[in-house]
Each structure stands twice: as C-alpha cells, then as structure tokens.
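Asker: Coordinates only, no sequence provided:
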C-alpha cells in the first residue's frame, strides 16, 4: 500500500478514511489510535475547506502516513491560502457550555489527540506534520 | 460511512434516537435536520443511543452542543448511552461530559425516560 494519497477536500472522506485504516494497520498501529487518526484527518480537511481557500477553491491536498521510530506522522501538504493551525487558539478553559461558541472544536481535537504539530509554508505550499506517539495506544 | 438515524421513541416530552455509522462533517446536517424536527419546546429529555456509532467529529459534536443548550434553556437534558472509549475520549476533550447524563446501557436509559414520562403524566 502506498504511503501517500491525494484527498479531494470537497468530497466525502469515506475512501480516504478507509485507506487510512489500512495504512495504519500495515504500520502496526494500535486500533485504539485509529479512531483518533481518523478524527484528526476529518478535522484537518474540514478546516481546509473553511480556511484554506486561495484565489480559487482548494480542491486537493495530499496526505502521507509515515512511521518514524516510535512516532506516527500524518503529513499534509496543499497549495491553498496560507493556513497555520498552530497559531489558532485551541482552548476551552473553564467556560461552561452556555458561554462557549458552538464551533471551533476541530483544532482543539487535533491538538489534544496528537503530540506535536509542525507547520511550514514553503514555496506556496502549506506543509503540516502531525506527530502522534505510538505509546498513546497502549 | 453513512449515518443511520432511527427514532425509536418520540412523544411530547421524550425523544430517543439510535445512531449507527459515522457522525461527521458529511452526515451531521442529517442529524441536525432530524433533531430540529423532533425536539420541540416541550421536549424535556433527548436520549441518544451511541452503541452502534463508530465515529464522531467536531461537526457531530456541534449538533450535540446545540441540543444540550436548547434543552437546558427549556429545563430538559440530553443523555447518551453506549459510548465507545474512543467516542468518550472525544467528548472528554471538549469538556462536555458534565453537561450530559451518561448511561452505561440502553436499559438504564429507558428507565430514565420512563421516569420523565411518569413525572409529566402526574403533573
């Protein structure tokens, strides 16, 4: 199975998430982490749909799934408008549900379900590595 | 993966739905429409059975949030049962657990709904 897939951000993610499950299985990732990885991919692509639009609507991003020692890396790359998810406030704090906005949960989930985000903008491309320690699944 | 929404109980004060499949950005609008249709100003308990729910993302959580707020305003509560550990983890991250009534299984949930109905029948 290839380590990389093209994702049409405006279409259903069913095929991408099925590919992701297979790739994670191939890498020996614990099943308890598979759901987390699916949530991360779903949230990031949903964010690209909201924020990643340049002069024309962003159509495609790439997703690469790699194992680096004890880490899993989800590597996204796209050529949409510059979008740095690490710069977004992703805290809920102690606010009760009545005082909280209904939106804005996606980046929070990505940050909480992962162990590090590394964002770079190079030559017109957004590049984001989302790192997840494999020990999380133990 | 599609989302199947089965309304297994709906009366004046209580609504119970069973979700199967994936509650994500593609399918959340379906649940939003169904609940908007079922939850009225008189609803006091919305019970969601998640036993067959395989996946939830923030789009699904937004629908849950919205309905918790709606029910709270009118003196009601949203309850859930059958959460898998993965789904529970997502709910815990967004700190919504204190605003939910959580049942371990469908039987407990049904007892709760029956008690709500009883209370309003006697009122």
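Answerer: Happy to help now that I have it. Computed from a prediction, not measured in an experiment: that's the story for all the values here. Numbering: from 1, shown residues only, chains lettered A, B, ... in the order given.

Asker: Which is the succeeding secondary structure element to the host helix or strand of residue B:80?
Answerer: Assigned by DSSP states H and E, residue B:80 belongs to strand B:77-81. Later in the chain than strand B:77-81, the nearest helix or strand by DSSP H and E is helix B:85-93.

Asker: Which residues does that next one contact?
Answerer: Applying Cβ atoms under 8 Å, 6 or more residues apart in numbering or on different chains, the contact partners of helix B:85-93 are A:32, A:35-36, A:39, A:108-109, A:112-113, B:50, B:53, B:55-56, B:61, B:83, B:97, B:100. All C-beta spots, glycine's among them, are computed from the backbone N, C-alpha and C.

Asker: which SSE is residue A:81 in?
Answerer: Judged by DSSP H and E, residue A:81 forms part of no helix or strand.

Asker: one step back: kindly spell out which helices and strands sit in contact with the strand holding residue B:80.
Answerer: Counting contacts by 3 or more Cβ pairs under 8 Å, 6 or more residues apart in numbering or on different chains; DSSP states H and E, strand B:77-81 packs against strand B:45-56, helix B:58-73, strand B:101-103, helix B:106-122.

Asker: Strand partners (parallel or antiparallel) of that strand?
Answerer: strand B:45-56 (parallel), strand B:101-103 (parallel) (DSSP bridges).

Asker: Quick one: residues contacting residue A:75.
Answerer: Contacts of residue A:75 by Cβ under 8 Å, 6+ apart are A:63-66, A:127-130.

Asker: a strand runs through it, doesn't it?
Answerer: Yes - with DSSP: H, G, I helix; E, B strand; the rest coil as the criterion, residue A:75 is assigned to a strand.

Asker: Start from the N-terminal end of chain A and give the strands.
Answerer: A:4-8, A:60-68, A:71-78, A:116-122, A:125-133 (DSSP state E).

Asker: coming back round to it: would a markdown table of the helices and strands packed on strand B:77-81 with mean pLDDT, distance to residue A:75 and mean neighbour count be doable?
Answerer: Output for the helices and strands packed on strand B:77-81, formatted as a markdown table (pLDDT from 0 to 100; distance: least, Cβ to Cβ, whole Å; neighbours: other Cβ atoms under 10 Å in any protein chain shown):
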| stretch | mean pLDDT | distance to residue A:75 | mean neighbour count |
| --- | --- | --- | --- |
| strand B:45-56 | 96 | 22 | 21 |
| helix B:58-73 | 93 | 22 | 20 |
| strand B:101-103 | 93 | 36 | 16 |
| helix B:106-122 | 86 | 41 | 14 |
